[in-house]
Structures are given as C-alpha cells and as structure tokens.
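Enquirer: okay, sequence plus prediction incoming.
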Amino acid sequence: MDLHSVTRWIVVFIVTVLVLLTSTPSQSHVGQIVYPIYELASADLPVFHDGTLEDWDQVLPNASLTHEDFAYTDGRRVGADDFAFRVFLAWHSASQRIFVGIEMLDDVYLGPQDGDIGNGWVRFVIDGDHTGGEYLFPSEESERSLAQAQVYAARPEAVSAGLLSLTAEAYWIAEPPWGDVAGFQFGESPNLSGIELMVTPWDDLRWRDPDASRRSQLEPGGIVGFGLEVADADAPNSPDGIYTLAGLGLGALLNAAFLVDGELIPCQVADCSGRVSSSVMPSSWARIKASLLK
C-alpha cells in the first residue's frame, strides 16, 4: 500500500466517524454480552504466515464471535449465505499481547481498488483498561490520538504492507515486537480468507516517545474494551455493508466508551496465569454464561 492510499484511508475514516458520532447517543460499556478472550500458553501461540487458522482451532475452546454477533451499521443482520465469518480472541500473559484471528467465507471476493475498502478489510480497536473516552483528535491535538485506545486495519491480500495504525507516526506500534499481521486467501467464488493480528494494548501511548508510553496490564478476569469491523463488497467500489458488533456504526471506533466488553479468561497449563490464580476461572465463566442468557 503506497503513502497516497494510506493517507486517503485515514482521511476518509476520520471524516466518516466524526459524522456518525454526532448522531449516536453517548454511553459506555455497550451491550450486555461479555465476550471471552482465552489465554494461551507460550507453546500454544498461533503460527503466523502459515496460511491457515487450524492452529487456533486446535488450542482454543471455540471462536469468541461469529457473524451472528454482528450487524450492518443500519441494524440489519448479516446473511451467512453472503458473508460468513468467525473471530478467535486470545491473550498471552507472558508477553501482554492480544491475538485476533478472523476467518471469512465470502460468495464473491473483490480485492482492493486504489486503496478502497474492498473485501475483508478489518478494523480492530483495543482499550486495555476499558476506561473509555476519546482517542482521536484534530491535528492541533494530534499527540493525544491513540493515547487511550488504539485502532488497527488490515486486509488478507495486503499483509506485505504490514498492520496499519491510524496515525502515521505511530506505525511502530503495529510492527514487531509490538504488533504483527498475517493473511491468506483462496479462491474467488466462493472465497476463503483469513487475517491474524497481534497487538499490544497501551493505557498511555505517547507515539513520539515510546520509552514514556505505559502499557496496559492484562490480568486474568480483567475486562478490556474492543471493537471490530469487517467490510464486504460484491461490486467494485461499492461495499455491501460494514459489519460491526451490535451494529453500532463507525462512531464506536472513535470513542472508546462505545466499545464492547471482553473478559480475559485464564488457562491453567504451562506458563499460563491460571496456574497461580485458578480461582478466577469459575467466576469468569459464570459471568459470561449469565451475560449470554440475558
């Protein structure tokens, strides 16, 4: 992806979210469901660039989300015959990283056109302490952007360009060792594609001064805020829809108060945090089950 395409994406994104946010009521901790984010031992971390999510399937209980948890920005539900996907969410205590694996099955697949969204464009937002608040600001306050929450974007067919962060000077947070991305796609109609992300949550990101930045503390039973969008298009330059959790729209990716809850579920093997705090597991599962029954 060239600099022109990146700049174009950033401008379009910010303008869109500003418009949508003005028409969206303010609230925090959106929704009643608490989504599980499963801890992985170091030996079970996913292998990137292997062209599959089979290793995620083998080590995680199940996907944390499917297309049934998403809706169009106008509230319509996602049709599985048009675009089906599932999302794996994991965390790693030893490195304090969040991992996201997204597998998509699409009836028609179109690659990006001149930097447009195209098919399978994914945006992911993470707020490590879920305190909410704005995290995108105009140019005169640009140093405050991404301080409280971070937003990333990726496409299956453009992983050579790396994982994108929204602020150009903050690209280092999207590069190893802090971030990484891998992707794959097979076929055209239907098409199977996938994206694997690794990100580091920051409670106080100062992208011009990495040494002064403060990382989030990921602990078993902790709550993080996150948001996810997936785009689909069956015709050039004409997205069918942008799918978001709860159909909240792009405004959810401007203010961290609109993000949903994810609970850090511990495991109890090898170097997992659950070996020390095994008592967290029952209460965590009880809370998730109760939330799903509401």
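Expert: It's in.

Enquirer: in the helix or strand in which D57 is found, what's buried?
Expert: Taking DSSP states H and E as the criterion, the element that holds D57 is helix 54-59. Of the residues in helix 54-59, D55, W56, V59 count as buried by neighbour count, 16 or more other C-beta atoms under 10 Å. For the C-beta atoms, the positions are set from N, CA and C on the backbone; glycine is no exception.

Enquirer: downstream of it, the next helix or strand is which one?
Expert: strand 65-66.

Enquirer: note down every partner strand of that next one and its orientation.
Expert: Counting by DSSP bridges, the strands paired with strand 65-66 are strand 83-92 (antiparallel).

Enquirer: contacts for the strand it pairs with?
Expert: Contact with strand 83-92 is made by 35-40, 42, 45-46, 53, 56, 60, 63-67, 78, 97-107, 218, 226, 228, 230, 232, 240, 243, 262, 264, as judged by C-beta atoms under 8 Å, 6 or more residues apart in numbering.

Enquirer: just confirm A43 is within a helix.
Expert: Yes: membership of A43 in a helix is supported by DSSP: H, G, I helix; E, B strand; the rest coil.

Enquirer: list the contacts of it.
Expert: A270.

Enquirer: likewise D204?
Expert: Shown in contact with D204 (C-beta under 8 Å, 6+ apart): A147, Q148, S213, R214.

Enquirer: surely the third one and W178 touch.
Expert: To tie it back to what came earlier, the one meant is S213. No: contact criterion C-beta atoms under 8 Å: S213 and W178 do not qualify, at 9.8 Å.

Enquirer: could you pull out the helices for the stretch 151-294 of the chain?
Expert: 280-292 (DSSP state H, counting those that start in this stretch).

Enquirer: which stretches of it have low pLDDT?
Expert: In the predicted model, the stretch 151-294 of the chain carries pLDDT under 70 at residues 158-169, 235-240, 246-254, 276-294.

Enquirer: cool, the stretch 1-150 of the chain as well?
Expert: Looking at the stretch 1-150 of the chain by pLDDT under 70, you get 1-31, 73-75, 111-120, 135-145.

Enquirer: surely E196 and F99 touch.
Expert: Yes: if you go by C-beta under 8 Å, E196 and F99 touch, sitting 7.5 Å apart.

Enquirer: common neighbours of those two, please.
Expert: In contact with both E196 and F99: P46, using C-beta under 8 Å, 6+ apart.
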